[in-house]
Every structure is written in structure tokens, then in C-alpha cells.
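1. Model the structure of this input:
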Amino acid sequence: MKVFSMNKFFLIAILFSSCGVKQMTIKTSQNMPKNTAELKQNVIDRNNYFNYEWLNIYAKTNITTPNRKIDLNISIKSKKDSLIWISLRSNIGLEIAKCKLTQDSIFVIDRLNKNYFKKPMSYIYKKYGIELNFKQIQQIILTEVKTPDDESFELKHEENIYNLISENRHYVITKNYSLKKAKILYDKILVNITLSDYDEITGAPHKQHVEVSGVEEFFFVTKYNKIQFDKPQKFSFNIPKNYEEIP
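-> Numbering: from 1, shown residues only. Below is the predicted model:
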């Protein structure tokens, strides 16, 4: 039985890159930040945990599709602006897949099928028609995610939340400027994201719930068991000699 496709794993990452707060065009009203720069700075101040050199995350993910349910343990190690290393393991500790991302390349080892591939970062664009670079993937991991520069947003303020709304996106941001919910429509694919259980010290989210519908329906819940900053990490990425390279 093959594991949940790595292509789907990257697809979720690609869609995730569309949800967040960046410099944007909005319609302002009373009782809100005075301009987009002020709103952006408020979010940056809230997300102070992005100032790091090393990152280490342990998480559990439950993936549900119409045909199966998969439980995975995820280990993510990162040296900021240099390298991202991800390992996926079963509940009994068997490594299923491993991937490494650099500024210009993607490497994936598939343990179950005993093969691997190495592609330029432009592979994501060729595969899905979406431009995604290393920095954006780095931001995705801690939900420091972005909105398109050319999309106009309306900002609506309610008692305890801000709503950022465009034709294809709707983001819910709490009063203290943490992302709570996002709804993104990309082509025929609809992604609903809910973030919760923010750490009081770092401000990083511990739990993500993602539902995807459209071309193929599935959803997953990710819970961060441990988020560790600025502890130097070792990165092992040895490809066995008997593994076949996928062209």
C-alpha cells in the first residue's frame, strides 16, 4: 500500500502559501489600524517567533481521504534561509518519506517504493502552475503566510476579530493579530484552515485543521507537540545506492 502521496503534501503547502497577511490593498473604516502598513506591523509584532536561526518541530498529523485514514509523525528541522529537512514516520516509527529543500532545489526520498527524486524549485510551478520559493515554504511552516500583492481586500472589524475579505479569500484574524481561520478558493479547489492553541510564550500555533475539497476531497489535522528555537540541528539525508531515481 502506498503512502499518502508526497505530491499531495506539497499541494497543501502550495495552497497554504495563499493564506495570511502581507502588504495589501484594503478599504478602511473606524476602530481599525489606520493603514495597511500599521496592520502589517501589528501582525509582525504579534509573530515575534519568526526571528530565529534554527527551528525544530515535532508534530502529529491525521490525514483522512474518502478511502483511508493515515496517522503520521512529522519532524521538521530548519536553518533559516538555508535548509529545510522534513521526515514523515508511521506511528510505529518507520520512516515513510524524507524531503530536503534548499534555496533552489527539492529532494525527496520515498522509503516505501525505494526511489527518490531531485528537482529544481521551479518543479512546483511546472507541476501545479504556482510559483513557490524557499522563503515562502519557510513561512508556511510557522503560518507566516502571505496574500497576493495584486489582490484587493476589504477589512471589516467585529468585536474581537478582523475579517479580511476578497473575491477568493476570507481570513479571520483575532484582536491580538493571530490568524484564526482562512478560506481560500484556488481554481476549483477550496481550502478551509483553522488554527488554534497558540503558545502563550512564543505565539506559535500548536494545532492546524485543514479541509480540502474540489478535485479530490480530504482533510488533515496537525498538532505541534514541540516547537524549539535556536538549537543547532543535524541534517541526515543519505540516499541508499539501490534506490531508483525518478526522472
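2. could you say which helix or strand contains the residue sitting nearest the centre point of the chain?
-> Per Cα atoms, centre = their mean, the C-alpha nearest to the average position across the chain is that of residue 140, at 3.4 Å. In the assignment (DSSP states H and E), residue 140 maps to helix 134-141.
3. so how far is that helix from its chain's centroid?
-> In terms of Cα atoms, centre = their mean, to the nearest Å, the centre of helix 134-141 is found 7 Å from the chain centre.
4. Can you list the buried residues in it?
-> 134, 136, 137, 138, 139, 140, 141 (16 or more other Cβ atoms under 10 Å). Bear in mind the C-beta positions are built from the backbone N, C-alpha and C, glycine included.
5. I'd like to know which of the residues you listed is nearest to residue 118.
-> Taking Cβ to Cβ as the measure, residue 118 lies nearest residue 134 of the buried residues of helix 134-141, at 14.7 Å.
6. which residues of this protein fall in helices?
-> Assigned by DSSP state H, the helices in the chain fall at 6-16, 36-46, 123-128, 134-141.
7. Low-confidence regions, the protein specifically.
-> Along the chain, segments meeting pLDDT under 70 span 1-41, 43-50, 128-130, 142-150, 200-203, 214-218.
8. is the closest residue to residue 247 other than its chain neighbours in a bridge, and if so with what?
-> Distance criterion Cβ to Cβ, 6 or more residues apart in numbering; nearest residue to residue 247, sequence neighbours excluded, is residue 117 at 7.9 Å. When bridges are called by DSSP bridges, residue 117 pairs up with residue 108.
9. Residue 117 is in contact with residue 100, isn't it?
-> No: using Cβ atoms under 8 Å, residue 117 is not in contact with residue 100, being 11.5 Å away.
10. Can you pick out the residue with more neighbours from those two?
-> Shown here are residue 117 and residue 100; by other Cβ atoms under 10 Å, residue 100 has more neighbours (19 against 16).
11. Might one say that the more buried one is in contact with residue 83?
-> Yes: Residue 100 is in contact with residue 83 according to Cβ under 8 Å; the separation is 6.9 Å.
12. Check the contact lists of the two and give me the overlap.
-> residue 235 (Cβ atoms under 8 Å, 6 or more residues apart in numbering).
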